[in-house]
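Participant: Fold the following, please.
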Amino acid sequence: MKHMLPSPLVSLAAVGLAVGLFYAPALAQHNTLTPDEAASGWKLLFDGQTLDGWTPTGNAIAWVVEDGMIQCRPGGGGWLRTIDQYRDFELLADFRIAKGGNSGLAIRASSTGDPAFTGMELQIYDSFGQEPGINGCGAVYNAIAPRVQAVKEAGEWNTYRIRIEGDTLNVWLNDQHIHIDEKLDERGIRHRAEDKVPLNSRIKSGYIAVQDHGDGAYFRNFKIRPLNVHPLDKAPAKGENPWIDLFNGRNLDGWFAKGNATWTAEDGQIVGRDGGPGHLYSEGSYADFELRAKVWINTRGNSGLYFRAKPPQANPDNWPDGYEAQVDHNDPKNFTGSLYARAQPEKLITREMEWFDYNIRCVGNRITIAINGQTMLETEQDAFSEGHIALQGHHKGSEVRWRDIQIRDLSKRDALKRPGPLSDGIVDVFYCTHSAGYRHDVLPESREILTRLGEEHEWLRVVVSDDIADLTPERLARTDVVMFYTTGELPMTEEQKSAFVAFCEGGGGFVGVHSATDTFYQWPWYVQHIGGCFDGHPWHEHVGIKVLDTDHPATRCFGSDRFEIHDEIYKFRNGADDRHLLLQLDGASVKDLANGYFPELSWTSMTGKGRMFYTALGHRAEVWRDQRFIEHLLGGVRWAAGVED
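Facilitator: Here you go, the predicted structure:
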């Protein structure tokens, strides 16, 4: 396979097909950077071994890495997208398509909706030998046909090279310049000529994504060189707080409304209609932060993106007390990009009925606002220090749409923990029973029991879910203890995993119940975190259990150094050395000692600043109805939350 080395570009339209002016051929291993590429600012999007840096938007377990390639198992995986967003860039990617296959490479895509139309899709299609068209390989799907049909026969490797800056697109396929300085204009339809989706109305930055139609698509050698990167577009450095979704794309959880506007979640967007006024507030409150969102406003519409905002005490339905970044294309002074009534940019650069990017950085009294990668204003303001994010519904007939609303907390406190341990005196527990492997019959009853316990105990509040997708960064920000009764390789995105790791290592509590050790065998961090892996259950009988620490909050309920119970008893492998053991099987109570191995059945450990409690009990419904087990579990929760030692 021939790889091409980047060098500065000149007059793209003039050079036409002379791709050799840009690259000199060089041989290299797949999924690596050459020294020249690294020196020129290129970076790998795919390491050839894992999906680190990528997250699925369809079937989470369908996408795999095999033989140095991103592949999709039969059944289809929808889209696989990057974690980071990009605006202007050069991109290299190799692909191979099966006979009759259909796939795509999307750029500037959103996290929700169809990336082919929220951003744009460079078509990947078995159209060898066919005339160029808006649906064939190399096309900007349903918008711009390639100059020539450059795809190879099915089964052969092809290379896309894409360069996009502002509204100008250049694309090479197999070294042929198939799109030359194409403008992102009024062209573009969805599936019918009358269903127009103009390229210039779509979002201006977003994710890189690949598509699977179940037809056999393979990808490798993903490399990107960001161009013209605005400071507010930079990805967080390692160790910095990550971007957190304020909107989950499905419903308005995490938000509350005041006033007269109507707010709904539609097609991965928050939609605000009418007003007079009306506002949708984030539940979270923020002081120093970076905020980004995609915004669309209708003709004659008016809205705003409030920050450090609070509902006014005299009339909570009125205009918020806080800063407003304006969304308005008709006010000659306070137009989009303004800090309403406080600071104004030089000129308006956006249009109604088109998506645009809003970026805000607020640290201390310093505020920066950028639109579509351009700084609109920088100002110092001292009126407000902390408050909610709020979206405005201004007047009847106004319609505003928001998507990919994300925040990065820059305050000294950890963005993934509540502001101070148990700030309201209540332990908030998120209990998840997602089963990607064996499903235990007791799970529905366990959720009912934990819900009831949350209602009965003033110190406890419980949210239950059977879907790991609900363990979002926003949920973690409102949680003190995460509890798993799970199995298998849970379909957590890389964003979820990163947030979960940060939560646990930053001081969040974790409780594992029974088969939580039968979870994530292929994730080394989790195995180390929970302290071991399930390795069979040779005993399902009445057993004796030794209490190794009788003074722990999770064991005081047993009242002695030994008790008996009927349950399924696990044995383990890969036991961590730093565990503090609480319970152990009494070998004298069972016939088969498994070669003298006496399984530990409950333990605690620390992960960074976070506390981890695990109990192997809880297989049988009768155990969940045993008050000793309930007190054992609640004691573990209180210890993990740090309220009792």
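Participant: list the contacts for the residue nearest to F117 when sequence neighbours are not counted?
Facilitator: Spatial nearest neighbour of F117, excluding adjacent residues (Cβ to Cβ, 6 or more residues apart in numbering): V197 at 5.0 Å. C-beta here means a position set from N, CA and C on the backbone, and glycine is covered the same way. The neighbours of V197, taking Cβ atoms under 8 Å, 6 or more residues apart in numbering as the test, are 117, 142, 188-190.
Participant: May I see the buried residues of the strand or helix carrying R628?
Facilitator: Per DSSP states H and E: R628 is located in helix 627-641. Neighbour counts using 16 or more other Cβ atoms under 10 Å place 629-641 of helix 627-641 among the buried residues.
Participant: Kindly report the same for stretch 425-435.
Facilitator: Within stretch 425-435, the residues that count as buried by 16+ other Cβ under 10 Å are 427-435.
Participant: Now that stretch - C-alpha only, PDB.
Facilitator: Listed next in PDB are the C-alpha coordinates belonging to stretch 425-435 (Å, rounded to 0.1, in the frame of the first residue of the first chain):
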ATOM      1  CA  GLY A 425     -27.000  15.200  53.000                       C
ATOM      2  CA  ILE A 426     -28.500  12.600  50.700                       C
ATOM      3  CA  VAL A 427     -26.600   9.600  49.100                       C
ATOM      4  CA  ASP A 428     -27.700   9.500  45.500                       C
ATOM      5  CA  VAL A 429     -27.400   6.000  44.100                       C
ATOM      6  CA  PHE A 430     -27.600   5.000  40.400                       C
ATOM      7  CA  TYR A 431     -28.400   1.200  40.300                       C
ATOM      8  CA  CYS A 432     -27.900  -0.400  36.900                       C
ATOM      9  CA  THR A 433     -29.000  -4.000  36.000                       C
ATOM     10  CA  HIS A 434     -28.000  -4.100  32.300                       C
ATOM     11  CA  SER A 435     -27.300  -7.700  31.300                       C
END
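Participant: And stretch 609-620, end to end?
Facilitator: 33 Å (Cα to Cα, to the nearest Å).
Participant: and that stretch, how far out from the chain's middle?
Facilitator: 26 Å (Cα atoms, centre = their mean, to the nearest Å).
Participant: Can you list the buried residues in it?
Facilitator: Those would be 610-620, for stretch 609-620 by 16+ other Cβ under 10 Å.
Participant: Among those residues, find me the one that's closest to G301.
Facilitator: Proximity of these to G301 (Cβ to Cβ) peaks at G610, which lies at 45.0 Å.
Participant: which residues does the closest one bridge with?
Facilitator: On the basis of DSSP bridges, G610 is bridged to T607.
Participant: and this structure, what are its domains?
Facilitator: 3-229, 244-409, 427-641 (automatic domain parsing).
Participant: Next, the distance between the ends of the second one.
Facilitator: Right, domain 244-409. Using Cα to Cα, the two ends of domain 244-409 sit 8 Å apart.
Participant: where in the stretch 451-600 of the chain is pLDDT low?
Facilitator: Within the stretch 451-600 of the chain, the stretches with pLDDT under 70 are 575-576, 592-598.
Participant: State the distance from the residue nearest to the spatial centre of the chain to H529.
Facilitator: By Cα atoms, centre = their mean, the chain has its centre lying nearest to E495, at 3.8 Å. Counting by Cβ to Cβ, to the nearest Å, the gap from E495 to H529 is 18 Å.
Participant: Can you give me the neighbour number for E380?
Facilitator: 9 (other Cβ atoms under 10 Å).
Participant: doesn't T368 make contact with it?
Facilitator: No - E380 is not in contact with T368 according to Cβ atoms under 8 Å; the separation is 10.6 Å.
Participant: Lowest-confidence entry in the contacts of V197?
Facilitator: The member of these with the lowest pLDDT is R190, at 94.
Participant: contacting residues for it?
Facilitator: Applying Cβ under 8 Å, 6+ apart, we find R190 in contact with 117, 142, 196-197.
Participant: ok, of the residues you listed, which come out buried?
Facilitator: Among the contacts of R190, the ones that count as buried (16+ other Cβ under 10 Å) are 117, 142, 197.
Participant: which one of these is nearest R108?
Facilitator: F117 (11.2 Å).
Participant: Show me what whichever strand or helix holds the closest one is packed against.
Facilitator: Here F117 is covered by helix 115-118, with elements defined by DSSP H and E. When contacts are defined as 3 or more Cβ pairs under 8 Å, 6 or more residues apart in numbering; DSSP states H and E, helix 115-118 sits against strand 102-109, strand 207-212.
Participant: 6 Å instead?
Facilitator: strand 102-109 (3 or more Cβ pairs under 6 Å, 6 or more residues apart in numbering; DSSP states H and E).
Participant: Mind listing the strands the strand it packs on pairs with, and their directions?
Facilitator: In the sheet, strand 102-109 lines up with strand 120-125 (antiparallel), strand 207-212 (antiparallel) (DSSP bridges).
Participant: pLDDT on it, on average?
Facilitator: Averaged over strand 102-109, pLDDT sits at 96.
Participant: mind saving the C-alpha coords of that strand as CSV?
Facilitator: Taking Å, rounded to 0.1, in the frame of the first residue of the first chain, the C-alpha atoms of strand 102-109 are listed here in CSV:
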residue,chain,number,x,y,z
ASN,A,102,-22.8,0.3,0.6
SER,A,103,-21.1,2.4,3.3
GLY,A,104,-20.0,6.0,3.9
LEU,A,105,-17.6,8.4,5.5
ALA,A,106,-19.2,11.3,7.2
ILE,A,107,-17.6,14.6,8.2
ARG,A,108,-18.8,17.4,10.4
ALA,A,109,-21.5,15.0,11.7
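Participant: roughly how far out does it sit from the chain middle?
Facilitator: 19 Å.
Participant: Where do the strands of the stretch 351-500 of the chain begin and end?
Facilitator: Taking DSSP state E, counting those that start in this stretch as the criterion, the stretch 351-500 of the chain carries its strands at 356-363, 366-371, 374-380, 387-393, 399-409, 427-432, 460-465, 481-484.
Participant: Serialize the ones you listed to JSON lines and add fields for distance to T159.
Facilitator: Below are the strands of the stretch 351-500 of the chain laid out as JSON lines (distance: least, Cβ to Cβ, whole Å):
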{"stretch": "strand 356-363", "distance to T159": "29"}
{"stretch": "strand 366-371", "distance to T159": "33"}
{"stretch": "strand 374-380", "distance to T159": "32"}
{"stretch": "strand 387-393", "distance to T159": "42"}
{"stretch": "strand 399-409", "distance to T159": "29"}
{"stretch": "strand 427-432", "distance to T159": "42"}
{"stretch": "strand 460-465", "distance to T159": "43"}
{"stretch": "strand 481-484", "distance to T159": "43"}
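Participant: Of all the ones you listed, which one is nearest K258?
Facilitator: Nearest of these (Cβ to Cβ): strand 387-393, 8.5 Å.
Participant: So what touches that closest one?
Facilitator: 261, 272, 274-275, 278-282, 285, 303-304, 306-310, 320, 322 (Cβ atoms under 6 Å, 6 or more residues apart in numbering).
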